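Novice: Mind folding the following:
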Amino acid sequence: MPDSAITKTLNIRHIADSIGPATGLKMCFAVTTKGFNALAIESFTTAYRLGVMDELQHYLAEYNPPTLQLAEKGITAMPPKAYRWVGEMMEIAKTMNEDGGFERTL
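Specialist: Next up is the predicted model:
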């Protein structure tokens, strides 16, 4: 499907002629974004409870600044919209299990 005015207006991209690949792509993308935010929340919460939050932020700033920036942005932007993620996170778990071979409990 070539680019057309409607595909540009709707910001869509044709990736396959069959049903399924677009949903799979959406799930894989979501696990890297929403999943990262979930891991960042767990990491920062645990660091705070262990009393090493400042050290974690310093370490990330020194060795991986983009990760610190993504984590801080994701953690602060997530709360107002987190309620919408529940269904998608369940769908991500299902996709990772059925199509990726990972246990749903991971």
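Novice: what about the residue nearest the centre of the chain, distance to Y63?
Specialist: For the chain, the residue nearest the mean C-alpha position is T33 (1.8 Å; CA atoms, centre = their mean). With distances taken as CB to CB, to the nearest Å, T33 is found 22 Å from Y63. (Each C-beta comes from the backbone N, C-alpha and C, glycine too.)
Novice: Excluding chain neighbours, give the residue nearest to L56 in space.
Specialist: Nearest residue to L56 in three dimensions, chain neighbours excluded: A47, at 4.2 Å (CB to CB, 6 or more residues apart in numbering).
Novice: cool, I41 as well?
Specialist: Per CB to CB, 6+ apart, closest to I41 is I75, 5.9 Å.
Novice: what's near enough to touch that neighbour?
Specialist: Shown in contact with I75 (CB atoms under 8 Å, 6 or more residues apart in numbering): N37, A40, I41, F44.
Novice: How confident was the prediction at it?
Specialist: pLDDT for I75: 88.
Novice: just P66 next, same as before
Specialist: 97.
Novice: Equivalent analysis for D17, please.
Specialist: So D17 comes in at 88 (pLDDT).
Novice: coming back round to it: which of the contacts of I75 are the two that sit furthest away from each other?
Specialist: Distance extremes for the contacts of I75: the farthest pair is N37 and F44 at 10.4 Å, using CB to CB.
Novice: Please enumerate the shared neighbours of those two.
Specialist: A71, I75.
Novice: any idea where the helices of this protein begin and end?
Specialist: Ranges of helices in the chain, per DSSP state H, are 5-9, 21-50, 53-63, 65-77, 85-98.
Novice: right, and the ones you listed - which one's nearest I15?
Specialist: Of all the helices of the chain, helix 21-50 comes closest under CB to CB, at 5.4 Å.
Novice: For that closest one, buried residues please.
Specialist: Residues M27, A30, V31, K34, N37, A38, A40, I41, F44, A47 are the ones in helix 21-50 that count as buried (16 or more other CB atoms under 10 Å).
Novice: Need the contacts of I75 in JSON lines (columns: pLDDT and distance to L56).
Specialist: As requested, the contacts of I75 are exported to JSON lines (pLDDT from 0 to 100; distance: CB to CB, whole Å):
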{"residue": "N37", "pLDDT": "90", "distance to L56": "16"}
{"residue": "A40", "pLDDT": "94", "distance to L56": "10"}
{"residue": "I41", "pLDDT": "92", "distance to L56": "13"}
{"residue": "F44", "pLDDT": "95", "distance to L56": "7"}
